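Got a sequence here, can you model it:
(one chain, ligands or ions: 2)
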Amino acid sequence: MPHGRLTAVYDEVVARNPGEEEFHQAVREVLENLGPVVDKHADLADAEILRRLCEPERQIIFRVPWADDDGRPQLNRGFRVEFSSALGPYKGGLRFHPSVYLGIVKFLGFEQIFKNSLTGLAIGGAKGGSDFDPKGRSDAEVMRFCQSFMTELHRHLGEHTDVPAGDTGVGQREIGYLFGQYKRLTNRYESGVLTGKGLTWGGSRVRTEATGYGLVFFVDEILRASGNSFEGRKVVVSGSGNVAVHAIQKVHQLGGRVIACSDSAGYVVDEDGIDLDLLRDVKEERRGRVSDYAEERGGNARFVQDWPIWSVPCDVALPCATQNELDEAGAKQLAGNGCGVVAEGANMPTTPDAIRLLREAGVTFAPGKAANAGGVATSALEMQQNAARDTWTFEHTEEKLAGIMHSVHERCLETAEEYGSPGDYVAGANIGGFLRVADAMAALGLV
Ligand SMILES: NC(=O)C1=CN([C@@H]2O[C@H](COP(=O)(O)OP(=O)(O)OC[C@H]3O[C@@H](n4cnc5c(N)ncnc54)[C@H](O)[C@@H]3O)[C@@H](O)[C@H]2O)C=CC1
Ligand SMILES: O=C(O)CCC(=O)C(=O)O
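Ligands and ions are numbered 1, 2, ... in the order given. Model (predicted):
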């Protein structure tokens, strides 16, 4: 990072947030692109916008006690990092996974600022979660955990203040328990306080599908820009959760074929194309593994007990599982096998070395800030419907999502061009996301 001013900001972030490696990585990835912005807009640098953006407006860490099914007390740690409210109420998901600690929540919250800004909608940036592991827990245990988590968190939330949603380990079941407890504690049916709700209690059509669908809409924009399409293309998707499943569905709808997906135990290769009904039955209904899918599917499907998935040859790769899952070795395999596009469905799944390698090899790379923005954008559409006490059809909502992904794609390309890096989606996303939030911060004064 050659720009002195940016290096100083980065060094300060590392010194003030020791041990939070994922947060350092996320900050560095943004700062690396901001040299031309600082040169062009000295006023933003003088207002210390960058330093202020790297310091969350508020960080909440709390104890979450709950009782398991045997009546034994259990203890977890809860987090909510409210990073920036310059553009609107804090907005971003909750992650329940044993790996969650402050550094993970801060990297996710930091990325969320720029992603949310890129959507063009009125949403600030935040993220939260807990080191609670829902795997193997009964519904009753998950409910008690969620109720305890919300018992503390509710005092920090509100439809105009902070609006969480799901992320890894938090789906509609958890959002339901959280919303139920919020309603009980506040005695308010405040639909706009959480997104990702069920359709009978204030949810939006397409929110469940939105991140995966939006990702595929974004890749479709990339392919169309060079006169191509998904028709007949082989696609590899890592993960088999919410984002992965809906990305697979939309790829199939657009004429592509997803031939592999994974979970934390390994991956399945199915050259005939993943059978989505079977995958969803195994993963969502029975909470099983992709190895069960391979066994039940039979035929050409095979399970490989290894990780990661990137040795499977494909035209398009969509990392949709977790951070830093695609490293330099994986990038080398993808590029060597002729992959043309890598687009991030997960948040920061590609390491900096892997991104460098992909770009040097001529692979088009789309960062999650832009490519997976469809989820949070549709959350904002859910908030719009809640505020108007309205419900939209699936077709209308999906059309809006596609329009938003089109404009995120345009914003990335136009910004990259303007700032001297034509065709560079990383520069376009980072600069485009930064400019909108920086402009608002400058207008709001030193707050
Ligand atoms: N749900 C949403 O709307 C959005 C999610 N994302 C990101 O997409 C990614 C996936 O999220 P969801 O699909 O919602 O979660 P999920 O909980 O539905 O699925 C996560 C998937 O990733 C795999 N996975 C998780 N941690 C892993 C690890 N340490 N090693 C190997 N595999 C692992 C799981 O096996 C599962 O298949 C995350 O990075 C999340 O932050 C990004 C934007 C929005
Ligand atoms: O819908 C939301 O508010 C959150 C989505 C999210 O967590 C993300 O974009 O990573």
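
how far away is whichever residue of the stretch 101-250 of the chain sits closest to ligand 2 from ligand 1?
Nearest to ligand 2, among the residues of the stretch 101-250 of the chain, is residue 165, at 3.3 Å (CB to the nearest ligand atom). Every residue, glycine included, has its C-beta placed from N, CA and C. Per CB to the nearest ligand atom, to the nearest Å, residue 165 is found 7 Å from ligand 1.

Report the contact partners of that residue.
Residue 165 is in contact with 91, 92, 93, 94, 175, 194, 195, 196, 375, 376, 379, counting by CB atoms under 8 Å, 6 or more residues apart in numbering.

Check what pLDDT the second one gets.
It refers to residue 92. Looking at residue 92, its pLDDT reads 98.

secondary structure class for it?
Judged by DSSP: H, G, I helix; E, B strand; the rest coil, the three-state class of residue 92 is strand.

quick one: contacts for it?
The contact partners of residue 92, taken as CB under 8 Å, 6+ apart, are 108, 109, 112, 116, 125, 126, 127, 128, 164, 165, 167, 376.

sorry, back to before: out of the contacts of residue 165, which are buried?
The neighbour count (16 or more other CB atoms under 10 Å) marks 91, 92, 93, 94, 175, 194, 195, 196, 375, 376, 379 as buried among the contacts of residue 165.

so how far is ligand 1 from the fourth one?
The one in question is residue 94. Residue 94 is 10 Å from ligand 1, by CB to the nearest ligand atom.

pretty sure that residue contacts residue 168?
No. In this structure residue 94 lies outside contact range of residue 168 using CB atoms under 8 Å: 9.2 Å.

now the residue in the stretch 1-150 of the chain positioned nearest to ligand 2, nearest residue through space, not along the chain?
Minimum separation of the stretch 1-150 of the chain from ligand 2 (CB to the nearest ligand atom) falls at residue 93, amounting to 2.6 Å. Nearest residue to residue 93, sequence neighbours excluded (CB to CB, 6 or more residues apart in numbering): residue 167, at 3.3 Å.

Which pLDDT value belongs to the residue of the stretch 101-250 of the chain closest to ligand 2?
98.

Now it: phi and psi?
phi -150, psi -160 (degrees, to the nearest 10).

just the one 5 residues further on next, same as before
The phi and psi values for residue 170, taken as degrees, to the nearest 10, are phi -130, psi 110.

what are the bridge partners for it, then?
residue 167 (DSSP bridges).

quick one, what contacts the residue nearest to residue 366 when sequence neighbours are not counted?
Nearest residue to residue 366, sequence neighbours excluded (CB to CB, 6+ apart): residue 343, at 3.9 Å. Shown in contact with residue 343 (CB under 8 Å, 6+ apart): 215, 218, 219, 222, 316, 317, 318, 365, 366, 371.

Can you tell me the SS state at residue 245?
helix.

correct me, but it touches residue 281?
No. Judged on CB under 8 Å, residue 245 makes no contact with residue 281 at a distance of 11.2 Å.

What's the separation between residue 258 and ligand 2?
Distance, residue 258 to ligand 2, by CB to the nearest ligand atom: 22 Å.

List the pairing partners of the helix or strand harbouring residue 80 within its sheet, with orientation.
For residue 80, the host element (DSSP states H and E) is strand 73-84. Applying DSSP bridges, strand 73-84 is found paired with strand 58-67 (antiparallel), strand 125-130 (antiparallel).

Just the buried positions in the longest one, please.
Read it as strand 58-67. 60, 62, 64, 66.

Just the closest of these to residue 427, please.
Nearest to residue 427, judged by CB to CB, of the buried residues of strand 58-67 is residue 60 at 33.1 Å.

Return the set of buried residues in stretch 9-22.
Along stretch 9-22, these residues count as buried under the neighbour rule (16+ other CB under 10 Å): 9, 10, 13, 17, 20, 22.

How about stretch 352-365?
Using 16+ other CB under 10 Å as the test for burial, stretch 352-365 gives 354, 355, 357, 358, 359, 363, 364, 365.

swap in stretch 265-272?
266, 267, 268, 269, 270.

start to end distance for that stretch?
Taking CA to CA, to the nearest Å, stretch 265-272 runs 22 Å from one end to the other.

Show me what residue of the protein gets nearest to ligand 1.
Counting by CB to the nearest ligand atom, the chain gets nearest ligand 1 through residue 241, at 1.8 Å.

any chance of the buried residues of strand 58-67 in JSON lines, plus pLDDT and distance to residue 336?
JSON lines is the format used below for those (pLDDT from 0 to 100; distance: CB to CB, whole Å):
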{"residue": "60", "pLDDT": "98", "distance to residue 336": "45"}
{"residue": "62", "pLDDT": "98", "distance to residue 336": "47"}
{"residue": "64", "pLDDT": "99", "distance to residue 336": "45"}
{"residue": "66", "pLDDT": "98", "distance to residue 336": "48"}
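
Residue 291: what's it in contact with?
Per CB under 8 Å, 6+ apart, neighbours of residue 291: 265, 266, 268, 303, 305.

quick one: pLDDT of it?
Looking at residue 291, its pLDDT stands at 97.

Is the strand or helix carrying it in proximity to ligand 1?
Using DSSP H and E, the element containing residue 291 is helix 290-297. No. Residues of helix 290-297 are not located near ligand 1 by CB under 6 Å from any ligand atom, the shortest gap being 8.0 Å.

thinking residue 20 is in contact with residue 105, fair?
No. In this structure, residue 20 is not within contact of residue 105 by CB under 8 Å, at 9.4 Å.
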